[in-house]
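Undergrad: Just to be clear, the model below is a prediction. Sequence and coordinates:
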Amino acid sequence: MDVMGIIMLAFLLIFVFLLFYFVPVGMWIQGVVSLGLGRITIIDLIRMRLRKISPRLIVDGVINTHKAGLVSIKTDMLETHYLAGGNVVNVVFALIASDKANIPLTFETATAIDLAGRDVKTAVETSVYPKGIDAPRDGFLSAVAKDGIELKARARVTVRTNIPGLVGGATDDTIIARVGEGIVSAIGSSISYSNVLENPDNISKAVLSKGLDAGTAYEILSIDIADLDVGKNVGAQLQADQAEADLRVAQARAETRRAMAVAEEQEMKARTQEMQAKVVASEAEVPLAMAQAFREGKLGVFDYVNMKNIQADTDMRESISGDSESGPTKAPERDNK
């Protein structure tokens, strides 16, 4: 009897646990007290349990929105968003905050932003409290004015969330890139770097007037130049590099001309040696021609003797002329000893 009583008590406890798990009476009472009878029924809570939806999350969301005056929010709307994988807490907070700040935000827009992967809670907070974005995030933007002087700039961009542009709109990186491009363009169009240093607000006005927030999730409120430094003289450095490049080109051309001259000189030497070889070959044929003339009887002995006499006479004259060109010879001095 005692064993049966224990078993019956265990079954009773399990039944009560399952009853209160599937029928959250406490949450139903909380809903009735907060919203009145009929807003949240026992059937709704049981259905949430069967769908594996947290009743506490849905009940708290409905109570908070109704207390904030958003009576159009129903339990099935929050359930649908929960089943779609959305963050019900962020959506409820965003709806309440936007309503208090008079920011137009419907439930459909808030859930679409949340399901798109954006933090709708942070988006509403940024709409109320604008945030600052550094452009660039690290370091400086380098730009060169028309006079060749480099300027290093850093800007502070104040933005607030553009709620309609959150779905499909560009993020912070696009804002930073566009602002950086605008600053570089504004500095590059300045005649002198001194003009930029004197009136840095002109850069802010020029960049702000370009409508850089088009197609983004933010609205640019202001662009302030936080830091502006003078860098290198890029123009002079480019001119020096160009002069060095021109010098190298001239040296290369001169080296080419010198190589061509050397090649031409070597070619002329080769031609001279070739002509000398031809002369030597021709001189070597003279004795052969004379021998042939002797054999054929075209050259006699007297002719040969006359030719030799003429050669000897020519050699003597060349020897005498050579001695005369070298100067008169001095007579040897006598020894008076």
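TA: Sure thing, it's come through. Being a predicted model, the structure only gives us computed values, none of them experimental.
Undergrad: Surely K232 is in a helix?
TA: No. Read with DSSP: H, G, I helix; E, B strand; the rest coil, K232 is strand and lies in no helix.
Undergrad: do you know how far it is from P55?
TA: Separation of K232 from P55 (C-beta to C-beta, to the nearest Å): 67 Å. Placement of C-beta: from N, CA and C, glycine included.
Undergrad: again, but for V89
TA: Distance from V89 to P55, counting by C-beta to C-beta: 14 Å.
Undergrad: T171 now?
TA: As for T171, its distance to P55 is 36 Å (criterion: C-beta to C-beta).
Undergrad: Check the residue nearest to V207 when sequence neighbours are not counted and give its pLDDT.
TA: Spatially, and ignoring its direct neighbours in sequence, V207 is nearest to G182 (3.6 Å; C-beta to C-beta, 6 or more residues apart in numbering). Among the per-residue scores, G182 shows a pLDDT of 88.
Undergrad: hmm, who's touching the helix or strand hosting G182?
TA: Counting by DSSP states H and E, the element that carries G182 is helix 172-188. The contact list for helix 172-188, computed with C-beta atoms under 8 Å, 6 or more residues apart in numbering, reads 133-137, 141-146, 151, 153, 155, 157, 159, 193, 196, 202-203, 206-207, 210, 212-213, 216, 218, 220, 223, 225.
Undergrad: could you say what helices and strands the helix or strand following it packs with?
TA: Downstream of helix 172-188, the first helix or strand assigned by DSSP H and E is helix 193-198. Other elements packing on helix 193-198 under the criterion 3 or more C-beta pairs under 8 Å, 6 or more residues apart in numbering; DSSP states H and E are strand 149-161, helix 201-208, strand 218-233.
Undergrad: now the one helix or strand H66 maps to, how far from the centre of its chain.
TA: H66 belongs to helix 55-67 when elements are defined using DSSP H and E. Helix 55-67 sits 49 Å away from the centroid of its parent chain (C-alpha atoms, centre = their mean, to the nearest Å).
Undergrad: which residues are in contact with that helix?
TA: 24, 27, 30-31, 34-35, 39-40, 45, 48-49, 71, 73-75, 78-79, 82, 88-89, 91-92, 95-96.
Undergrad: how does it look with 6 Å?
TA: 24, 27, 31, 34-35, 45, 48, 73, 75, 78, 88, 92 (C-beta atoms under 6 Å, 6 or more residues apart in numbering).
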